[in-house]
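**Student:** here is a sequence with its predicted model. Questions after.
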Amino acid sequence: MQEWLTHIAPFLTHNAIFTPATLAQYWSGLVTTVQLVFLSLVIGVVLAVPLSVGRASRNWFISGPIWIYTYVFRGTPLLIQLYIAYYGFAFVPGVQQSWFAFFINNPMYPALLSFTLNTAAYTTEIFYGAIRATPKGEIEAARAYGMSTFTTYRRIVLPSAFRRALPAYGNEVIFMLHASAIASAVTITDLTGAAYYVYARFYSPFPAFIFVAFVYMILSFSIQGGFRLLEKRMLRHLKPA
């Protein structure tokens, strides 16, 4: 480990990284990345909860369209979805003169839309699998107490499903953090975009991208540690006495 750090130190101490201009660029990219990932995850969870309940419905007219949506967004690359959201809407006739012009003039909105729909599709399937794994005895007990379907989902099914879905959802959060690196492909200056800026200005790809890789790694381990603490708290009833 010490030898590896010795070899990597010259790259990380390059003056292109620690100038005030580049540090400000990295910080701006970090803020943009965190905002984009956080908003897409929050909106994605809000969408995924009712979609996962509908996905578990026995009525095909409810579960069918949701299955198609999740199949499409999980079966196509996120980069293609981002390109369609960013470039596709601009070629729709009349969009440039409509109130929708703000959406195509700011690349953050197409990126947020594509990231949100993508993570909502994956999260829907994660929650759907957790809902399907709910023991039938819990549902029968809720019905024996006279709970309605809505009350059963609110008090029994969804809380139990959320606890089971935590490990898989933690992986989805880290995946979205890593996938957000493609936002620079549509002119958004995120962390990866900041690395491109430093590379283009100082012609030093190794210090720029290695530094950003370390930042992504720190964020990933922080998220992983947070989910582990959350799992310990929500699953502490499963620990042996």
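**Tutor:** Alright, I've got the coordinates.
**Student:** helices or strands next to the strand or helix carrying residue 140 in the packing?
**Tutor:** In this assignment (DSSP states H and E), residue 140 forms part of helix 136-144. Helices and strands touching helix 136-144, by 3 or more C-beta pairs under 8 Å, 6 or more residues apart in numbering; DSSP states H and E, are helix 149-152. (Glycine included, C-beta is placed from N, CA and C.)
**Student:** helices or strands up against the helix it packs on?
**Tutor:** Other helices and strands packing on helix 149-152, by 3+ C-beta pairs under 8 Å, 6+ apart, are helix 136-144.
**Student:** neighbouring contacts of the helix it packs on?
**Tutor:** Around helix 136-144, the neighbours that count as contacts under C-beta atoms under 8 Å, 6 or more residues apart in numbering are 151-152, 155-157, 160.
**Student:** do that again at 6 Å, thanks
**Tutor:** With contact meaning C-beta atoms under 6 Å, 6 or more residues apart in numbering, helix 136-144 is reached by 152, 156.
**Student:** pull the CA atoms of that helix into CSV?
**Tutor:** Taking C-alpha atoms only, helix 136-144 is exported to CSV below (Å, rounded to 0.1, in the frame of the first residue of the first chain):
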residue,chain,number,x,y,z
LYS,A,136,-48.3,-14.2,3.4
GLY,A,137,-48.8,-14.7,7.1
GLU,A,138,-48.2,-11.0,7.7
ILE,A,139,-50.9,-10.1,5.1
GLU,A,140,-53.3,-12.7,6.5
ALA,A,141,-52.8,-11.3,10.0
ALA,A,142,-53.5,-7.8,8.8
ARG,A,143,-56.7,-9.0,7.2
ALA,A,144,-57.7,-10.8,10.3
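**Student:** what mean pLDDT does that helix get?
**Tutor:** Mean pLDDT, helix 136-144: 85.
**Student:** now that helix: buried residues?
**Tutor:** 139, 142 (16 or more other C-beta atoms under 10 Å).
**Student:** helices or strands next to the longest helix along the chain in the packing?
**Tutor:** Ranked by residue count under DSSP state H, the longest helix found in the chain is helix 20-55. With contacts taken as 3 or more C-beta pairs under 6 Å, 6 or more residues apart in numbering; DSSP states H and E, helix 20-55 sits against helix 60-75, helix 108-132, helix 191-202.
**Student:** OK, contacts around the closest residue to residue 73 other than its chain neighbours?
**Tutor:** Excluding its sequence neighbours, the residue lying closest to residue 73 (C-beta to C-beta, 6 or more residues apart in numbering) is residue 121, at 3.7 Å. Contacts here follow C-beta under 6 Å, 6+ apart; on that basis residue 121 touches 70, 73-74.
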